[in-house]
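> the following block contains a protein sequence and its predicted model.
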Amino acid sequence: MEYTNRVAHNDTTLGRLSRCPLPCPSAVTATMEPASRRRACVEFRAKLSRDTGVNLPAAACEALLGQTLTLAVSGEEVTLQSNPGLFYTSIGAAYEAQQLVVPDHLKVAWFCYREAAEVHQHPAGMGKLAECHLNGRGVAEDPAQAAVWFQKAADLGDARSKAALGAFFLYGDARARVAKDAAHGLALVCEAVEDGHGPALCLVAQCYMNGEGVVKDAVGGVTLLRQVINREDATKARAERLLTVCYREGDGVEADTVQAALWCQKAARSGDAQAIQLLPIIRRCDFCGTTPARQLCVRCRKVRYCGPACIAGHWNREMDPHKGPCKKLRRRAAEASQQEAGGTSAHQ
């Protein structure tokens, strides 16, 4: 549990930004000479039309190339001339989020990311270009191409891309042509956390919960999930849903149906789609369907009931999938009690 302890006590790492910020334009001023801006505009529009089929109006293009972006995090001013890679990455993010409204905004965003990645070798631009290929946003879905760009961005130190590439290696992805290498994947995800990409911490927690790339340590995994939740991270809802499963299954914590329902409700309120679907199920009594189900089977600690009557009714039913494992647990408990009693008698 070396990494768990290191993360738990590393205030510097956990105090960093919970997500890699996507800069957005907050000021617009002319930053290029009119003649230079017109030439750049003609070139940009021609390449955009050739590669995407999008015909951006000349006025919109000139306004785009004339922008100064003041990044909210550092107050740094970025222009096409001062930092073209970051400039195109930022403009692409603004188009993708529809802050700059034009037809086919996703294609324009993809084109801007490609300019940042291919022409200006900008790591964050490479990562965003990879995400476009992975999710089919503005370009045809191509996981293999996404993996290539994630690798290039990770090699240049982009934390967000390290986390994404790590996920490929953790589970393997035939479509992305990435063979499973859980240890390497976990190492990449841990690097992403240490480099300040907070959402990757939730993935590290899952690795400990499932024993992916590390010896399984459910208690350590739960500790990391709680850190994600306390950070108000971008993956908070996901961590709440995973904690729901921990309480439901008794994995890393004592099984507790009420706590499971509580965390599931929090995740659902935070907008987690899977938690919204799980919420009515996790509250339901497995025998009568009454909500909430506050009692667990005393043997397996997984099946839920609303009261003693349903417990008795469930056990009186002849055929039920959960009774087999529970009978084995009861038999083992009885055998253990007999052995203990026999050992006590012999001792006396």
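Cool, got the structure. Residues are numbered from 1 along each chain as shown.

> can you pull out the helices in the stretch 101-250 of the chain?
Remark: helices assigned in the stretch 101-250 of the chain by DSSP state H, counting those that start in this stretch are 105-114, 123-135, 143-155, 159-171, 182-194, 200-210, 218-230, 236-249.

> check the gap between Thr244 and Ile281 for me.
Applying Cβ to Cβ, to the nearest Å, the value for Thr244 to Ile281 is 11 Å. Where C-beta positions appear, they are placed from N, C-alpha and C, glycine not excepted.

> these two: which is more packed in?
Comparing Thr244 with Ile281 by other Cβ atoms under 10 Å, the one with more neighbours is Thr244, at 26 against 12.

> surely the more buried one is in contact with Trp263?
Yes - the criterion here is Cβ atoms under 8 Å, and Thr244 meets it with Trp263 at 4.3 Å.

> report the helix or strand with the lowest average pLDDT across the chain.
With mean pLDDT, DSSP states H and E as the measure, the helix or strand of the chain carrying the lowest mean pLDDT is helix 11-14 (a mean of 29).

> Arg238 and Ala200: what is the separation?
When Arg238 is compared with Ala200 (using Cβ to Cβ), they lie 12 Å apart.

> ok, those two, which is more surrounded?
Counted by other Cβ under 10 Å, Arg238 and Ala200 do not tie: Ala200 has more neighbours, with 27 against 23.

> surely that one touches Leu186?
No - proximity of Ala200 to Leu186 does not meet the contact threshold set by Cβ under 8 Å, at 10.4 Å.

> if I look at these two, which residues touch both of them?
With contacts taken as Cβ atoms under 8 Å, 6 or more residues apart in numbering, the residues that reach both Ala200 and Leu186 are Gly166.

> report the rounded mean pLDDT for stretch 157-172.
Stretch 157-172 shows a mean pLDDT of 95.

> any chance you could list what contacts it?
With Cβ under 8 Å, 6+ apart as the test, stretch 157-172 has contacts from 20, 123-124, 126-127, 130-131, 134, 147, 149-151, 153-154, 176, 178-182, 184-189, 191-193, 195-197, 199-200, 203, 207, 212-213.

> buried residues in that stretch, which are they?
Across stretch 157-172, burial judged by 16 or more other Cβ atoms under 10 Å covers 158-170.

> I'd like the mean pLDDT over stretch 179-198, please.
93.

> okay, buried residues for that stretch please.
The neighbour-count check on stretch 179-198 (16+ other Cβ under 10 Å) flags 181-182, 184-198 as buried.
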